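Peer 1: Kindly return the folded structure for what I paste below:
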Amino acid sequence: MPKRPSAQPTPGEAPKPKRPRQTGFTVGPANLPDGTFRRKAQKIKRGLIHRAKLRKGLEKIKRDEGITSSRRAGDDDDDDEEEDEAAVRARRRMEMAMRDDDGVSSDDDQGDGAVDVNDDSSDDDKPPPKSTDDNDEEDLHTHPSRKQHTRRPRQSRYKNEISISKKVRDAKAERERVEKAKLAAMEKRETDRKARNKAMGGGKGAKTATGQMKLGRQSKGLLEKVERLVKG
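Peer 2: Numbers count the residues shown, from 1 in each chain. Modelled structure (predicted):
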């Protein structure tokens with residue numbers, strides 16, 4: 001079957017402009033990578049679509065039931081319209097119908113629509129953040145035994161290194177003390193030996209008139225020698 005020939009413009013007639021291709025609206029940049037910002041943009045878009053559906057359905061119900069919106073008398077500056085009781089009932093009925101329709105697709109759309117429609121009320125119902133003073137008061141009224149279980153002392157990362165270095169320092173101090181004691185004992189023995197040799201050596205005043213050695217100068221060295229023999 002031959003193709004249908006395209007309609008050619010008649011001479012003198014301006015060509016018809018091409019109709020632009022209709023595309024859906026976008027929220028945020030189109031080249032966002034898959035991540036937090038892309039999910040946030042998609043969530044906002046779903047919420048806007050849900051609210052537009054609600055608004056369109058509400059207007060349709062108003063037209064079907066012949067409901068008209070009334071403006072406040074004597075208030076020219078206020079552009080907000082008051083809805084009567086029938087309009088409120090129609091809005092609620094439309095919201096319930098939209099929830100039933102969205103329940104088939106996904107739970108995220110329901111959550112997004114609910115958040116977008118009632119975001120003002122949810123902000124008002126949020127409790128104010130607690131201050132640090134409340135935490136301090138709770139700590140004051142907490143039982144001591146509970147504090148011990150909840151707050152454990154933080155252990156140092158270098159506990160083993162600290163204990164090892166302390167042992168090394170103690171051992172070094174002990175060696176130095178023993179060495180000092182040995183040096184002091186050696187010096188004392190050397191001093192006593194020199195004094196004893198001097199007392200026992202010959203010289204003026206070392207002997208009595210009868211030729212006997214004077215033991216008074218040797219008494220200290222002899223007593224220390226006896227003490228060492230007794231202790232040893």
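Peer 1: If you rank every helix and strand of this protein by mean pLDDT, what lands last?
Peer 2: When each helix and strand of the chain is scored by mean pLDDT, DSSP states H and E, helix 107-117 comes last, with a mean of 43.
Peer 1: Which residue ranges of this protein form helices?
Peer 2: For the chain, the helices defined by DSSP state H cover 36-65, 85-102, 107-117, 119-125, 132-141, 144-150, 159-200, 219-231.
Peer 1: Of these, which shows the lowest average pLDDT?
Peer 2: Among the helices of the chain, helix 107-117 carries the lowest mean pLDDT, at a mean of 43.
Peer 1: domain ranges for the protein?
Peer 2: By the assignment in automatic domain parsing, the chain contains the domains 36-69+82-123, 161-199.
Peer 1: Please name the residues that touch Arg38.
Peer 2: When contacts are counted by C-beta atoms under 8 Å, 6 or more residues apart in numbering, Arg38 touches 28, 32. C-beta: built from backbone N, CA, C; applies to glycine.
Peer 1: What about Lys166, how many residues nearby?
Peer 2: 10 (other C-beta atoms under 10 Å).
Peer 1: Next one: it from Thr208, what distance?
Peer 2: Remark: distance between Lys166 and Thr208 (C-beta to C-beta, to the nearest Å) = 63 Å.
Peer 1: and Asp192, what does it touch?
Peer 2: 220-221, 224.
Peer 1: Who wins on neighbours among these?
Peer 2: For the contacts of Asp192, the largest neighbour count, defined by other C-beta under 10 Å, is 18 neighbours, found at Gly221.
Peer 1: Once you drop chain neighbours, what's closest to that one?
Peer 2: Nearest residue to Gly221 in three dimensions, chain neighbours excluded: Arg196, at 3.7 Å (C-beta to C-beta, 6 or more residues apart in numbering).
Peer 1: Correct me if wrong: the one you found contacts Leu223.
Peer 2: No: under the criterion of C-beta atoms under 8 Å, Arg196 makes no contact with Leu223, lying 11.0 Å away.
Peer 1: These two: who's more crowded?
Peer 2: Per other C-beta under 10 Å, whichever of Arg196 and Leu223 has more neighbours is Arg196, with 17 against 10.
Peer 1: No further questions, thank you.
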